[in-house]
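Trainee: Sequence plus the predicted model coming up.
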Amino acid sequence: MQFMLLFSRQGKLRLQKWYVAHPDKAKKKITRELITTILARKPKMSSFLEWRDLKIVYKRYASLYFCCAIDQEDNELLTLEVIHRYVELLDKYFGSVCELDIIFNFEKAYFMLDELVVGGEVCETSKKNVLKAIAAQDLLQEDEEEEEALYYGGLYWKSF
Amino acid sequence: MPAVRGDGMRGLAVFISDIRNCKSKENEVKRINKELANIRSKFKGDKTLDGYQKKKYVCKLLFIFLLGHDIDFGHMEAVNLLSSNKYTEKQIGYLFISVLVNTNSDLIKLIVQNIKNDLNSRNPVHVNLALQCIANIGSKEMAEAFGHDIPKLLVSGETMDVVKQSAALCLLRLFRTNPDIIPGGEWTSRIIHLLNDQHLGVVTAASSLIEALVKLNPDEYKGCVSLAVSRLSRIITASYTDLQDYTYYFVPAPWLSVKLLRLLQHYPPPEDPGVRGRLNECLDAILNKAQEPPKSKKVQHSNAKNAVLFEAISIIIHSDSEAALLVRACNQLGQFLSHRETNLRYLALETMCLLATSEFSHEAVKKHQETVINSLKTERDVSVRQRAVDLLYAMCDRTNAEQIVHEMLNYLESADYSIREEMVLKVAILAEKYAGDYTWYVDVILNLIRIAGDYVSEEVWYRVIQIVVNREDVQGYAAKTVFEALQAPACHENMVKVGGYILGEFGNLIAGDKRSAPQVQFQLLHSKYHLCSASTRALLLTTYIKFINLFPEIKTEIQNILKCDSNLRCSDAELQQRASEYLHLSLVTSTDVLATVLEEMPPFAEKESSILAVLKKKSGRMSAQEAHKEARAAGGAGGAAAAVAAGAVKNSTNDKNAKNSSADLFGISTPPVNSQNNSSSNTGVLVDVLGDLYSSSNNSSMPSVATNGTNSASPATLTSGVTDNIKKFVCKNNGVLYENDIIQIGVKSEFRQNLGRIGVFYGNKTSMPLQGFLPSVSISSADSGRVSVQVKPVESTIEAGAQVQQFVNCECIDHFEDLPEMLVCFTYGSVPQRLSLKLPLSINKFFEPTDMNGESFFARWKNLSSPSQESQQIFKTTCPMESGSIRTKVMGFGMQILEGIDPNPENFVCAGILHTRTQQIGCLMRLEPNRQAQMYRLTIRASKDGTAKILCNLLSQQF
């Protein structure tokens, strides 16, 4: 996979992940072009299109479009399922995910994607294993927050 | 705000809410600028910023970046976060670096150092963060810094599974950046054996890596074939409960299955009958499952299952050996053609295109012709219709060409604008390729212009003219048909161009009929004149002067038109010039001279239809790289159009030359008086003849008067001090053959089928005449009867500074070995001179490049297996092994370079047909450069005994 874009029905970019280096300017241009192309397509159309020398695979979930660019020899149908697996993971984590979750917790969305896809290739397809990894991260976060709460709420005041 | 575990960063959430509450774009920008200023001052001023605050601000910057704003600071703070011992801070630092990294940034060293520390961490979560970051960025520096550690991490027994997974893909990314980082030797087998790992996640990640390694070096990783087959077999035969969480909607490990099938496609079918049998069983089982009732109604189930099915079909097509499987695959796809899922129809059409190219399944695909034509008419999605067009194009052969072309023409009337141009090209190619009868071809092209004139590119209408000029049997018909087409009240300008050109050449063939008498033809064309653009008018003016030659009876009428102010004083310089030159030509020259100057155009040199090159370039299904190569093959900057001008694709290998040749179909032109002569050539006396192209700047379609009877027009770049260049002429047709202080001998040749014409130009460089000038050519006794040459006489004196040309017509009768001898005798200042040279006429000149896919290449290759049909040479290189120049030479040799057949992109695989009078000899070639050893291995197989050896000797001299 060369890149993945998440954008809203209004054409707002919500997440971008690039697995092939492009200058920022080129990224912006590609993003703009693809968003326009895909938003112009009708619901019953195929989820695949040819674009430059890449294949584009996209799918809409509620108000969000998920769009992946893959190489010629990559499998379109399975790319649709990478998207679906990602949606499932987000859904499970946020509890019936909506666009707002991804806006407010974009960093989590990134972390989750990093567990599923590494360097453009599927890394872990087991939902259980990905969620386990994310849970472990959250646990670390909570520990740290507890520490911080102690620091700011307790020790800090005492020593004042 | 949605509930998430952990409190997150409150400041960030507030900021995001603020942005979302902005009523206008302006407000948003204002708010963002305020925040940026705030963060900037915090980063600059406040030295006591703690990790949490840094994390928060870095996160805000990320968010602002995602909104589409440029971020030019904060990198340093992000790098600082990398060394935090708090996981969440580290993680945000890595995220920022991954999303916003600037590979040439000064910080890269710092980043690399931080990653190094985390890679060595005992905490696998930290190691994974570092690996993911490397995989995200994958820069050259990282390949250098970590290329050593990551393979170790990957195969070590102590590494945790989850780390192994990231390590495999991290290595893959670095390998793509720098293929040298993969250690060979014992590592190969350790990497391959990851396919046997217990953990399916590790196998999935590793199989991606192995697939990429195999692509570059299939021999080294050969051992993975049997491992992959047994792994696949275990998955396919597993029940969906066996693989637990790796079963996806009742499909066992679809991602891994697809990867393994993908990997196996890089190899021919396994030689070991056991492995091969097991693989075929798997493929059989996958095809069987497709027929079973679905285990779930969810689209995810059907997608995953069919993803595996399509990959299986892909490998079946790739091996192209199991007829039964191919036909089953075809039937399965046939069912999908009318499936209610658009995605499946799309993929079925696409995959069937490949099946159509296999001889085993071509007929089976043809059974679905009606369904495909129906899709063309009824599909609501243009991208699906596009696939249908592709498939019709692929399944077309002699038996159904008329129907398919007919349907495509029908569809063209209502086709989407976005695909019209490509369709026009496809129709044009099919019509040419399968024209049993060229009158049909002419009809189809004229129909194309009528239906979709705007989309008929120059290449297409150039081509119809080339074909009409080259085929006598169709000229009368073409003249009659264009004449009729021009009578339509509104006809497309392209029609006027084609009509103008054809009537100018062949109008005489229909002039006997009163209804198309000379005067009628002229008036019909001239009635369009004022409606046309300047380039078309220029073409018509040439038609008019040609009419003066063809039809002296309307000379005065035409002269009057040329004379009129709107032409003779036209504001367009080109038109004015043509009008005035043509007028004077008709006034001052005798009928004989006029007839010579305005003689019918000679046949065009034919190699490959340039339309094909354009189509390849247009088609999105070709990689950009290939498109680039194609463009290069077609002559650099000038692109495909220039290739037409250069007459033959293989002639135009020099970029500079290609630029000089305009996109002028008509080749050699009469340079306008004021035009600068080819400024890039230097001082040789041949410049005038060899450099007689003038750049017609914007006028890419200017017709011209035939002058010296050749359409091949690739000027040679002359360099002084050249002596004997004969060796180079094996791979090129034009240039300086020989030069000394007295004489320069240039060559310009063109070949068609088994015939050729070599123009030899003798330039006298001195200030004295060369007398008793007598060149002669002789064939070696070994080759007598195999090649014939006919040398046209030449004047016996070459005046000082003058140049004469001589034509040598040649025919290839059988394969021949030696270049003919050429002896040039003359007297210079009473001293007799004798030059013993060779005529650049080698057997490879009679190649016709042949395109074919990998399947048919290998089938043919296997067929040519007798020892006398093959010749192989391994030799040391004598010049730098630069892939561009190797390609140029291989291309110049005359065979078609077949892309994507050899798994090693450095190698060249080619095919061509040698035309001789007695037979056609099929030839296949493989050239393997080995840079380390500075050696080449060249293997050629040819259908005629002994031919391969001759070719091998010729080509091996070139490197």
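Mentor: Arrived safely, thanks for sending.

Trainee: Surely B:L195 touches B:A228?
Mentor: Yes. Using Cβ atoms under 8 Å, B:L195 is in contact with B:A228, at 6.0 Å. To be clear about C-beta, it is placed using only N, CA and C from the backbone, and glycine gets the same treatment.

Trainee: Between these two, which is the more surrounded one?
Mentor: Comparing B:L195 with B:A228 by other Cβ atoms under 10 Å in any protein chain shown, the one with more neighbours is B:A228, at 27 against 23.

Trainee: pLDDT weak spots in the stretch 701-850 of chain B?
Mentor: Counting by pLDDT under 70, the stretch 701-850 of chain B shows low-confidence ranges at B:701-724.

Trainee: ok so, going back, between B:L195 and B:A228, what contacts are shared?
Mentor: B:S207 (Cβ atoms under 8 Å, 6 or more residues apart in numbering or on different chains).

Trainee: Scan chain A for its longest helix.
Mentor: For chain A, the helix with the greatest residue count under DSSP state H is helix A:127-150.

Trainee: Give the next helix or strand downstream of the least confident helix or strand in chain B by mean pLDDT.
Mentor: When each helix and strand of chain B is scored by mean pLDDT, DSSP states H and E, helix B:687-690 comes last, with a mean of 30. Downstream of helix B:687-690, the next assigned helix or strand under DSSP states H and E is strand B:734-739.

Trainee: Flag every buried residue along whichever strand or helix holds B:E26.
Mentor: Element membership of B:E26, judged by DSSP H and E, is helix B:25-45. Across helix B:25-45, burial judged by 16 or more other Cβ atoms under 10 Å in any protein chain shown covers B:E28, B:R31, B:I32, B:E35, B:L36, B:I39, B:F43.

Trainee: Among those, which pair sits farthest apart?
Mentor: Spatially, the most separated pair among the buried residues of helix B:25-45 is B:E28 and B:F43, at 22.2 Å (Cβ to Cβ).

Trainee: Extract the CA atoms of stretch B:143-155 and return them as CSV.
Mentor: What follows is stretch B:143-155, C-alpha atoms only, in CSV (Å, rounded to 0.1, in the frame of the first residue of the first chain):
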residue,chain,number,x,y,z
ALA,B,143,19.0,1.8,5.8
GLU,B,144,22.6,2.5,6.5
ALA,B,145,22.2,2.8,10.2
PHE,B,146,20.0,-0.2,10.9
GLY,B,147,20.6,-2.5,7.9
HIS,B,148,22.8,-4.5,10.2
ASP,B,149,20.7,-4.8,13.3
ILE,B,150,17.3,-5.5,12.0
PRO,B,151,18.0,-8.8,10.2
LYS,B,152,19.4,-10.1,13.5
LEU,B,153,16.4,-9.0,15.4
LEU,B,154,14.2,-10.8,12.8
VAL,B,155,15.7,-14.2,13.1
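
Trainee: so where's chain A shaky on pLDDT?
Mentor: Across chain A, the ranges flagged by pLDDT under 70 are A:145-160.

Trainee: Tell me which stretches of it form helices.
Mentor: Using DSSP H, helices in chain A cover A:24-39, A:76-94, A:99-104, A:106-116, A:127-150, A:156-159.

Trainee: rewinding a little: from the buried residues of helix B:25-45, pick the one nearest chain A.
Mentor: B:E28 (11.3 Å; Cβ to the nearest Cβ).

Trainee: Nearest spatial neighbour of the closest one, chain-adjacent residues omitted?
Mentor: Distances taken as Cβ to Cβ, 6 or more residues apart in numbering or on different chains place B:C22 nearest to B:E28, at 4.1 Å, with adjacent residues excluded.

Trainee: just B:E413 next, same as before
Mentor: Using Cβ to Cβ, 6+ apart, the closest residue to B:E413 is B:I451 (5.5 Å).

Trainee: give me phi/psi at that neighbour?
Mentor: Here is the backbone geometry of B:I451 (degrees, to the nearest 10): phi -80, psi -40.

Trainee: Please apply the same query to B:T878.
Mentor: The phi/psi pair for B:T878 (degrees, to the nearest 10) is phi -110, psi -10.

Trainee: Quickly note the distance from the nearest residue to it once chain neighbours are set aside to A:C67.
Mentor: Distances taken as Cβ to Cβ, 6+ apart place B:F959 nearest to B:T878, at 6.7 Å, with adjacent residues excluded. For B:F959, the distance to A:C67 equals 47 Å [Cβ to Cβ, to the nearest Å].

Trainee: what about those two, which has more around it?
Mentor: Neighbour totals were compared for B:F959 and A:C67, and A:C67 leads with 22 against 19 (other Cβ under 10 Å).

Trainee: Give me the neighbour count for the nearest residue to the more buried one once chain neighbours are set aside.
Mentor: In space, and not counting its chain neighbours, A:C67 is closest to A:Y58: 4.0 Å by Cβ to Cβ, 6+ apart. Number of residues near A:Y58 (other Cβ under 10 Å) recorded here: 22.

Trainee: Name the residues of stretch A:60-68 that are buried.
Mentor: A:Y61, A:L64, A:Y65, A:F66, A:C67, A:C68.

Trainee: From one end of it to the other, what's the distance?
Mentor: Terminal residues of stretch A:60-68 are spaced 12 Å apart (Cα to Cα, to the nearest Å).

Trainee: and residue 53, how many neighbours?
Mentor: Chain wasn't specified; assuming chain A. 16.

Trainee: hm, I was asking about chain B
Mentor: Neighbours of B:Q53 (other Cβ under 10 Å): 16.

Trainee: Same check on B:A490?
Mentor: For B:A490, using other Cβ under 10 Å, the count is 6.

Trainee: can you confirm it is in a helix?
Mentor: No. Per DSSP: H, G, I helix; E, B strand; the rest coil, B:A490 lies outside any helix segment and is coil.

Trainee: give the contact list for it.
Mentor: B:A490 touches nothing, counting by Cβ under 8 Å, 6+ apart.

Trainee: ok, now with 10 Å
Mentor: With contact taken as Cβ atoms under 10 Å, 6 or more residues apart in numbering or on different chains, B:A490 is in contact with B:L531.

Trainee: What values do phi and psi take at it?
Mentor: According to degrees, to the nearest 10, B:A490 has phi -120, psi 110.

Trainee: distance of it from B:K728?
Mentor: 53 Å.

Trainee: Can you give me the end-to-end span of stretch B:827-834?
Mentor: End-to-end distance (Cα to Cα), stretch B:827-834: 9 Å.

Trainee: Equivalent analysis for stretch B:840-855, please.
Mentor: 35 Å.

Trainee: Would you mark the buried spots in it?
Mentor: Neighbour-count burial for stretch B:840-855 [16+ other Cβ under 10 Å]: B:840-850, B:852-855.

Trainee: before we move on, what about stretch B:267-287?
Mentor: Within stretch B:267-287, judged by 16+ other Cβ under 10 Å, the buried ones are B:267, B:269-270, B:275-276, B:278-280, B:282-284, B:286-287.

Trainee: List the ones among those that fall in helices.
Mentor: Reading helices off those with DSSP H, I get B:V275, B:R276, B:R278, B:L279, B:N280, B:C282, B:L283, B:D284, B:I286, B:L287.

Trainee: Can you add pLDDT and distance to A:F94 and give those back as CSV?
Mentor: Output for those, formatted as CSV (pLDDT from 0 to 100; distance: Cβ to Cβ, whole Å):
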residue, pLDDT, distance to A:F94
B:V275, 94, 46
B:R276, 93, 48
B:R278, 94, 44
B:L279, 94, 43
B:N280, 93, 46
B:C282, 95, 39
B:L283, 95, 41
B:D284, 94, 43
B:I286, 95, 36
B:L287, 95, 40
